[in-house]
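**Q** Would you be able to build a 3D model of this:
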Amino acid sequence: MGFLSIFKAQTKSPAPLPSGSFTIDSTGEIVTSTIPSSFSKESLKQIGHMVLQAFKDARKTGQNIGELAIQYSALDLKARELRGGAIIFLSPHAKNVR
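**A** Numbers count the residues shown, from 1 in each chain. Just a heads-up that it's a prediction; the model follows:
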C-alpha cells in the first residue's frame, strides 16, 4: 500500500499565521525575531516598513504616536516605536468563544 501512496495527491495546508514578535531598526532591517522561520523574512520586512512609515507619517502631521494597534480578521498587530525603530507583536486573532 505504501507504493500507491506516491500517486495520491499531495495537499498542502496554508502556512499557520505567525505568532511572536520582532524588532526592526530605523532602516527597516530585522534585529531580533521570535517569529517562526516558516514565515518569510520578506513578509516581516514589509510589515516593518509599513509600521515605520505609519510612525513617520504621524510625526509629519504633528502627532506623536508611540503605539499602533491593528486588528485584521485573522491577525492582530501591535507595534511600539523604539527610537526610530519599532517592536512589532503579531498573533492570530482570537475569536470570541462563548
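**Q** Strands of this structure, start to end?
**A** Ranges of strands in the chain, per DSSP state E, are 20-24, 30-33, 67-71, 75-82, 85-92.
**Q** Now tabulate those in CSV and tack on distance to Lys56 and mean pLDDT.
**A** From N, CA and C alone the C-beta is placed, and that goes for glycine too. As requested, those are arranged in CSV below (distance: least, Cβ to Cβ, whole Å; pLDDT from 0 to 100):
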stretch, distance to Lys56, mean pLDDT
strand 20-24, 13, 96
strand 30-33, 18, 96
strand 67-71, 12, 93
strand 75-82, 10, 94
strand 85-92, 11, 95
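**Q** Out of those, which gets nearest to Lys60?
**A** strand 75-82 (14.1 Å; Cβ to Cβ).
**Q** The closest one vs strand 67-71, what angle?
**A** 170 degrees (axes from the mean of the first three to the mean of the last three Cα atoms, to 10 degrees).
**Q** how far out from the middle of the chain is strand 75-82?
**A** 9 Å (Cα atoms, centre = their mean, to the nearest Å).
**Q** Quick one: residues in contact with that strand.
**A** Residues outside strand 75-82 that contact it (Cβ atoms under 8 Å, 6 or more residues apart in numbering) are 17-18, 23, 47, 51, 54-55, 65-71, 86-94.
**Q** List only buried entries from these.
**A** With burial judged by 16 or more other Cβ atoms under 10 Å, the buried subset of the contacts of strand 75-82 is 18, 23, 47, 51, 54-55, 68, 86-90.
**Q** Quick check: the farthest pair among these?
**A** Pro18 and Phe55 (20.8 Å).
**Q** quick one, what contacts the closest residue to Ile24 other than its chain neighbours?
**A** If you skip the residues right next to it in sequence, Ile24 has Gly48 as its closest partner in space, 4.0 Å away by Cβ to Cβ, 6 or more residues apart in numbering. Taking Cβ under 8 Å, 6+ apart, we find Gly48 in contact with 22, 24, 28, 30, 86, 88.
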